[in-house]
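Engineer: after the sequence you'll find the predicted model.
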Amino acid sequence: MALPTDILLMYGYLLLFTWVLVEQLGIPLPATPVLLAAGALSAERQISFPLALAVGVAAALTADSVWFLIGRRHGHHVLRLLCKLSLEPTTCVRRTQDSFGRRRGTMLLFAKFVPGLSTLAPPVAGQNGMEFGPFLLYDGIGSALWVGVLLACGRFFGDLLKRDPSLLDWAGRFSGALLILGVAGFLVARVIRRRVVLKNLAASRLEPEELKRQLDAGQEVYIVDLRHPLELLPDPFTLPGAVHLSPEALSARHHEIPRDRDVVLYCTCPSEATAAKTAMELHKLGIDRVRPLRGGFDEWKRLGFPLDAIPPVDSAPTAAATL
């Protein structure tokens with residue numbers, strides 16, 4: 001079973017376009033084996049290298065444009081959805097926002113080479129006001145680099161096959177099994193990692209109603225807003241008395257965190273993943289009374305609980321911003 005070369009020969013550029021499109025839309029189905037196979041087939045002139053490059057770039061730009069426009073319209077809600085599709089929500093949103101805040105359009109030049117950044121970069125660019133023209137320019141260059149590198153690697157392997165045809169028998173015998181095992185291992189590893197995070201989270205998270213009762217009763221609670229500064233632009237509110245810190249700054253300044261009261265962390269990521277991860281880090285630093293807020297900022301807002309307005313925040317990420 002010589003996958004994916006046999007299928008590529010049968011369906012050609014349509015398969016190449018569809019596979020790249022599906023991956024770039026956020027479905028965890030790696031396109032790398034198909035692009036490598038297309039590059040290898042181009043060595044035998046069974047597939048045109050320039051046409052394969054054009055098809056791959058067109059598929060990537062199509063998917064990225066869709067997410068860019070959705071990100072511009074729906075903001076961080078679409079980022080939550082994409083993180084769920086990625087099966088690894090723990091740091092994906094913040095890592096993408098940090099990269100965009102530091103590099104703006106140039107992030108799109110290398111985003112496709114970084115796991116977790118590829119699918120999230122377009123909606124983050126749309127959410128934060130990047131113009132569509134520059135987005136297409138940077139994303140087109142980045143897509144061409146990504147597709148071109150993979151096709152070139154496949155072409156190199158194809159040239160080796162031309163010199164030693166016996167390699168083709170080995171590749172044909174094992175490529176299908178390796179592809180299936182690789183995809184299965186990729187998915188299983190991410191599912192296991194997510195389950196571990198969610199299990200730790202479920203044991204310690206705090207219900208919004210319980211936090212509201214604590215605040216109404218005048219209990220001292222140290223509330224930390226872990227949202228990225230970019231998330232504050234469209235929704236400039238925070239929980240009453242909350243301090244805004246990045247997870248990195250919070251860990252670095254852990255000696256400032258009071259030990260005599262509950263420390264409540266919240267974010268806007270799926271399943272409170274950033275808050276859960278940060279809570280586990282603080283536990284390692286000896287802070288025991290730390291709990292993620294179930295549902296985070298979105299759930300607190302949905303329940304109609306009080307919010308404090310905050311002044312506009314600079315879109316450039318900072319190590320820490322205190323409200």
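Structural biologist: Okay, I see it.

Engineer: and the helices in the stretch 201-323 of the chain?
Structural biologist: For the stretch 201-323 of the chain, applying DSSP state H, counting those that start in this stretch gives helices covering 208-216, 229-232, 247-252, 273-284, 296-302.

Engineer: as JSON lines, these with mean neighbour count and mean pLDDT would be great.
Structural biologist: Every C-beta, even on glycine, is put in place using the N, C-alpha and C of the backbone. Below are the helices of the stretch 201-323 of the chain laid out as JSON lines (neighbours: other CB atoms under 10 Å; pLDDT from 0 to 100):
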{"stretch": "helix 208-216", "mean neighbour count": "16", "mean pLDDT": "94"}
{"stretch": "helix 229-232", "mean neighbour count": "22", "mean pLDDT": "83"}
{"stretch": "helix 247-252", "mean neighbour count": "17", "mean pLDDT": "82"}
{"stretch": "helix 273-284", "mean neighbour count": "21", "mean pLDDT": "76"}
{"stretch": "helix 296-302", "mean neighbour count": "19", "mean pLDDT": "91"}
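
Engineer: for those, which one sits closest to Ala60?
Structural biologist: helix 229-232 (23.7 Å; CB to CB).

Engineer: out of the helices of the stretch 201-323 of the chain, which is closest to Ala152?
Structural biologist: Nearest to Ala152 among the helices of the stretch 201-323 of the chain is helix 229-232 (34.9 Å), distances taken as CB to CB.

Engineer: what packs against that closest one?
Structural biologist: Contact here means 3 or more CB pairs under 8 Å, 6 or more residues apart in numbering; DSSP states H and E; on that basis helix 229-232 packs against helix 92-103.

Engineer: which element follows the helix it packs on toward the C-terminus?
Structural biologist: Downstream of helix 92-103, the first helix or strand assigned by DSSP states H and E is helix 107-110.

Engineer: using CSV, write out every CA atom in that next one.
Structural biologist: What follows is helix 107-110 as a C-alpha-only set of coordinates in CSV (Å, rounded to 0.1, in the frame of the first residue of the first chain):
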residue,chain,number,x,y,z
MET,A,107,5.0,36.4,11.9
LEU,A,108,3.1,35.1,8.9
LEU,A,109,6.4,34.4,7.1
PHE,A,110,7.3,31.6,9.4
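
Engineer: returning to that earlier point: make TSV out of the helices of the stretch 201-323 of the chain and add distance to Gly185.
Structural biologist: As requested, the helices of the stretch 201-323 of the chain are exported to TSV (distance: least, CB to CB, whole Å):
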stretch	distance to Gly185
helix 208-216	38
helix 229-232	33
helix 247-252	29
helix 273-284	22
helix 296-302	31
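
Engineer: closest one to Gly12 among those helices?
Structural biologist: Judged by CB to CB, the one of the helices of the stretch 201-323 of the chain that comes nearest to Gly12 is helix 273-284, at 40.0 Å.

Engineer: can you give me the strands in the chain?
Structural biologist: In the chain, the strands defined using DSSP state E lie at 221-225, 237-238, 243-244, 262-266, 290-292, 308-309.

Engineer: mean neighbour count for the ones you listed - can I get that in CSV?
Structural biologist: Formatted as CSV, the strands of the chain follow (neighbours: other CB atoms under 10 Å):
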stretch, mean neighbour count
strand 221-225, 22
strand 237-238, 18
strand 243-244, 19
strand 262-266, 24
strand 290-292, 25
strand 308-309, 10
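
Engineer: which among the ones you listed is found nearest to Gly185?
Structural biologist: strand 290-292 (29.5 Å).

Engineer: sheet partners, orientation included, of the closest one?
Structural biologist: According to DSSP bridges, strand 290-292 forms sheet pairs with strand 262-266 (parallel).

Engineer: quick one, which of the helices of the stretch 201-323 of the chain is nearest to Asp64?
Structural biologist: helix 229-232 (18.7 Å).

Engineer: tell me where the model's unsure across the stretch 101-250 of the chain.
Structural biologist: Residues of the stretch 101-250 of the chain that meet the criterion pLDDT under 70 lie in 101-104, 115-116, 158-179, 181-183, 186, 189-190, 193-194, 196-203.

Engineer: same list (the strands of the chain) but as a markdown table, adding distance to Gly39.
Structural biologist: A markdown table is the format used below for the strands of the chain (distance: least, CB to CB, whole Å):
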| stretch | distance to Gly39 |
| --- | --- |
| strand 221-225 | 47 |
| strand 237-238 | 50 |
| strand 243-244 | 47 |
| strand 262-266 | 46 |
| strand 290-292 | 45 |
| strand 308-309 | 54 |
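
Engineer: closest one to Ala184 among the helices of the stretch 201-323 of the chain?
Structural biologist: Nearest to Ala184, of all those, is helix 273-284, at 23.7 Å by CB to CB.

Engineer: touching, Val290 and Ala279? I think so.
Structural biologist: Yes. Using CB atoms under 8 Å, Val290 is in contact with Ala279, at 4.8 Å.
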